[in-house]
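Trainee: No sequence on hand, only this structure:
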């Protein structure tokens, strides 16, 4: 490693030592510990707030974005070092943000200068929480069939219709949204990409209660919502390319969920603790075989992601393979939770009460069933692999 | 180490692809299979492979080898899986050479490795005693006799036993609570008095032998590694063999899959190419991903041997599990998706499932390695 990078590593290490609060150096205990930022976010602790402020001051919530837009301006090697150092001290993410993981990359690629200046710095600072407006009741797997009409009124558009499956739509300050601007064009060619404040008159948000009893998704209704023209991103009627670009990011993000989170125990260890052993082996030989199969796949998948990253570094483009990552990562995560339910047996059935943390495992298990639906179903991902990688007809 | 090939490795792989494609394509294997008088592989072809340096890839330069590492040998094996080119690459260049190198017996290394590297001598490992893979179950006895030992017992499933110049044989020299303890390894020439070889042709046209040892005398100088301490060497050798076999299975899976995908585009029924049907597309897409997993696992495992990492055992089992399962799926789907023609002897696709079955079984099948993977992970 070059001297420059070594110096950088030492600087990062020292800075983190000074600035990362002690309380932020352990795995999160519940979803509530995640900092999402935004206008109405209530910090869980003074440490959580301080950690976000320190990180945003350096632009390290978006470490590889250009400095001029508030990012950290790090190159790939430096980014790797920063992530490594954060992992080394078990630091919690300072900010969870669809603005950073999804909208930002699209704005950097497709936004005009004014839009970048306006929207990127507040995203880095976690001031605006973003919601995604993609699916509609009749546009799920067939996303390009979306209909919500945005009609040109001269200096603004008027939006009607609705969006569904908007993650945390009830907490979103702004929305990035796919709308129909040309109802007569072929379906992929009449879509545009727009941004708007969720407080604009005419927007209603309705949470959707899931089988887990929780409501991480919402339905959002538009009634004559006024969107200024400068909030339309990229070329008019070319929003589908932005949508696809963004979906690739989303797919990659979801597929990493197949890997066990750093700090969490492997299933086999949990099983040995909960069920116990007999003659050195887990005292349920058929479950043991199932867990072995799972952990073999999990390790093989981790190695494949490692190889994909190395290939990208060597200049090979990932392309449609991200569809397969999404497919396999989500199937693995569903399997992980199926096995966790098996391991915990009767205890896994609890729905309320302190002992079960209000049925956390059962609810999380049910939640994972959506992994292979959201962000493009498993079946759609397999279609993409068959068509774009294998070149099969259809 | 990054999970990508370096330039030298890419060149070696391309050279292997060219050579095997022209000198030993699947038709070469078919021709050997159809000719009863020939053995499991062609000695002339082996001489050419040795000429290419393949017998010497993992052998240190000091013993006349190339010292090119296991990653290099793995790439050649992967390519030989695509063409089903039969050779003693696994029995001699991988298992035999590995056991000698790991034994640290300099005299035996000096005596044998240069001749292995040049392709003149062939070795086989003789360690199985039942139809299941149980390397620690050793009842072949070696009792002290004068300056050496007297060997009695029977070894099974000895790969390429009919052509071996010598065998590396696991024997019991002591009994203890741990079956692994008290195993020793001896190098015994094939023409030793009292050594009998009985050879069977397998479904993949490779040869496997039963070795009978009746009062075979060996001198102490033929001992590989410490007395009673052969098990660690055997285990390490087997892990290297397993990873090499996984590489060959990866080649089998890739070639079968490529042929099958081509067929899906060509074959028409109901007036359309059958690859248009989603029922087939999704199975093909899943298989594509399983093969991607195998590529990562095999490369990581090969690099782990070259780095002498502690993870080799775990990765060897992982490689045997994933490549065994994936090549199984690829060859079975290959036949199914080809339909009736896939069942005919005239068509090549059936050769791949036969070779897979042989490789999957030897040195432990997926189930054996799932159990071992779990043990290594302490559950």
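Mentor: Sure thing, it's come through. Because the structure is a prediction, the values reported are computed rather than measured.
Trainee: now the strands for chain A?
Mentor: Using DSSP state E, the strands of chain A run over A:130-133, A:150-152, A:156-167, A:174-180, A:191-197, A:203-208, A:217-228, A:232-233, A:277-278, A:281-282.
Trainee: In CSV: those strands, plus mean pLDDT and mean neighbour count.
Mentor: Using the backbone N, CA and C atoms, a C-beta is placed for each residue, glycine as well. Compiled in CSV, the strands of chain A are given as follows (pLDDT from 0 to 100; neighbours: other Cβ atoms under 10 Å in any protein chain shown):
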stretch, mean pLDDT, mean neighbour count
strand A:130-133, 95, 26
strand A:150-152, 97, 17
strand A:156-167, 96, 20
strand A:174-180, 97, 25
strand A:191-197, 97, 23
strand A:203-208, 97, 15
strand A:217-228, 97, 19
strand A:232-233, 97, 22
strand A:277-278, 96, 12
strand A:281-282, 98, 19
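Trainee: May I see the ones you listed organised as TSV, with distance to residue B:280 added?
Mentor: Shown next, in TSV, are the strands of chain A (distance: least, Cβ to Cβ, whole Å):
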stretch	distance to residue B:280
strand A:130-133	34
strand A:150-152	41
strand A:156-167	30
strand A:174-180	32
strand A:191-197	32
strand A:203-208	36
strand A:217-228	34
strand A:232-233	40
strand A:277-278	44
strand A:281-282	38
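Trainee: Let me see the domain layout of the chain.
Mentor: No chain was given, so I picked chain A. Domains of chain A are assigned by automatic domain parsing as A:3-96, A:130-238, A:259-389.
Trainee: should've been chain B
Mentor: B:7-121, B:124-228, B:232-376.
Trainee: so of those domains, which one's packed in deepest?
Mentor: Looking across the domains of chain B with neighbours counted as mean count of other Cβ atoms under 10 Å in any protein chain shown, the highest average goes to domain B:232-376: a mean of 21.
Trainee: Measure how buried residue 2 is and give me the count.
Mentor: Because you didn't say which chain, this covers chain A. 8 (other Cβ atoms under 10 Å in any protein chain shown).
Trainee: Correction: the question concerned chain B.
Mentor: For residue B:2, using other Cβ under 10 Å, the count is 14.
Trainee: Would you agree it falls within a helix?
Mentor: No. Assigned with DSSP: H, G, I helix; E, B strand; the rest coil, residue B:2 falls outside any helix and is coil.
Trainee: Please report how far residue B:130 lies from chain A.
Mentor: Between residue B:130 and chain A the distance is 22 Å, computed by Cβ to the nearest Cβ, to the nearest Å.
Trainee: Which residues are in contact with that residue?
Mentor: By Cβ atoms under 8 Å, 6 or more residues apart in numbering or on different chains, the residues touching residue B:130 are B:137, B:156.
Trainee: does it sit in a helix, a strand or a coil?
Mentor: coil.
Trainee: still on that earlier bit, Throw the domains of chain B into TSV and include distance to residue A:376 and mean pLDDT, thanks.
Mentor: Formatted as TSV, the domains of chain B follow (distance: least, Cβ to Cβ, whole Å; pLDDT from 0 to 100):
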stretch	distance to residue A:376	mean pLDDT
domain B:7-121	32	97
domain B:124-228	41	97
domain B:232-376	13	98
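Trainee: So which of these is nearest residue A:111?
Mentor: domain B:232-376 (34.0 Å; Cβ to Cβ).
Trainee: re earlier: how about CSV for the domains of chain A, with distance to residue B:356 added?
Mentor: Output for these, formatted as CSV (distance: least, Cβ to Cβ, whole Å):
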stretch, distance to residue B:356
domain A:3-96, 39
domain A:130-238, 36
domain A:259-389, 18
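Trainee: With respect to chain B, which of those domains lies nearest?
Mentor: Of all the domains of chain A, it is domain A:259-389 that lies closest to chain B, at 3.7 Å by Cβ to the nearest Cβ.
Trainee: pretty sure residue A:24 is touching residue A:46, no?
Mentor: No. Residue A:24 is beyond contact range of residue A:46, at 10.9 Å (criterion: Cβ atoms under 8 Å).
Trainee: Which one of the two is surrounded by more residues?
Mentor: Counted by other Cβ under 10 Å, residue A:24 and residue A:46 do not tie: residue A:24 has more neighbours, with 24 against 10.
Trainee: contacting residues for that one?
Mentor: Residue A:24 neighbours (Cβ under 8 Å, 6+ apart): A:47, A:48, A:51, A:91, A:92, A:94.
Trainee: what does residue A:287 give?
Mentor: Residue A:287 makes contacts with A:271, A:275, A:339, A:342, A:343, as judged by Cβ under 8 Å, 6+ apart.
Trainee: Now residue B:283. Nearest residue, chain neighbours left out?
Mentor: residue B:333 (6.1 Å; Cβ to Cβ, 6 or more residues apart in numbering or on different chains).
Trainee: picking up where we left off before, now, which of the contacts of residue A:24 lie within helices?
Mentor: Of the contacts of residue A:24, the ones assigned to helices by DSSP state H are A:47, A:48, A:51.
Trainee: If you rank the residues you listed by neighbours, which is first?
Mentor: Compared across the ones in helices among the contacts of residue A:24, residue A:51 has the highest neighbour count, 24 neighbours, by other Cβ under 10 Å.
Trainee: pLDDT wise, what is it at?
Mentor: Here, the pLDDT recorded for residue A:51 equals 96.
Trainee: Please apply the same query to residue A:260.
Mentor: Looking at residue A:260, its pLDDT reads 52.
Trainee: any chance you could map the helices in the chain?
Mentor: Here I'm looking at chain A. Under DSSP H, chain A gives helices at A:3-19, A:46-58, A:76-88, A:98, A:104-110, A:113-124, A:239-255, A:267-275, A:285-313, A:321-344, A:360-368, A:378-384.
Trainee: Chain B, not that one
Mentor: Taking DSSP H as the criterion, chain B carries its helices at B:7-23, B:26-34, B:43-51, B:70-83, B:97-103, B:106-117, B:231-266, B:278-306, B:312-338, B:349-361, B:366-376.
Trainee: what would the ones you listed look like in CSV with distance to residue A:323?
Mentor: CSV is the format used below for these (distance: least, Cβ to Cβ, whole Å):
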stretch, distance to residue A:323
helix B:7-23, 27
helix B:26-34, 32
helix B:43-51, 40
helix B:70-83, 25
helix B:97-103, 40
helix B:106-117, 46
helix B:231-266, 17
helix B:278-306, 9
helix B:312-338, 19
helix B:349-361, 27
helix B:366-376, 27
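Trainee: My understanding was that residue B:48 contacts residue B:20; is that so?
Mentor: No. Taking contacts as Cβ under 8 Å, residue B:48 lies outside contact range of residue B:20: 10.6 Å.
Trainee: out of the domains of chain A, which comes closest to residue B:219?
Mentor: Of all the domains of chain A, domain A:259-389 comes closest under Cβ to Cβ, at 40.0 Å.
Trainee: What is the distance between that closest one and the centre of its chain?
Mentor: 17 Å (Cα atoms, centre = their mean, to the nearest Å).
Trainee: Repeat that for stretch B:190-203.
Mentor: Going by Cα atoms, centre = their mean, where stretch B:190-203 is centred and where its chain is centred differ by 19 Å.
Trainee: From one end of that stretch to the other, what's the distance?
Mentor: The separation between the terminal residues of stretch B:190-203, taken as Cα to Cα, to the nearest Å, is 25 Å.
Trainee: hmm, who's touching it?
Mentor: Residues outside stretch B:190-203 that contact it (Cβ under 8 Å, 6+ apart): B:40, B:151, B:161-162, B:164-167, B:188, B:207-218, B:354, B:357-358.
Trainee: Out of the residues you listed, name the ones that lie in strands.
Mentor: Judged by DSSP E, strands contain the following of the contacts of stretch B:190-203: B:151, B:166-167, B:188, B:207-218.
Trainee: hmm, back to that, among the contacts of residue A:24, which are within reach of chain B?
Mentor: When contact is defined as Cβ under 8 Å from any Cβ of the partner chain, the contacts of residue A:24 do not meet chain B at all.
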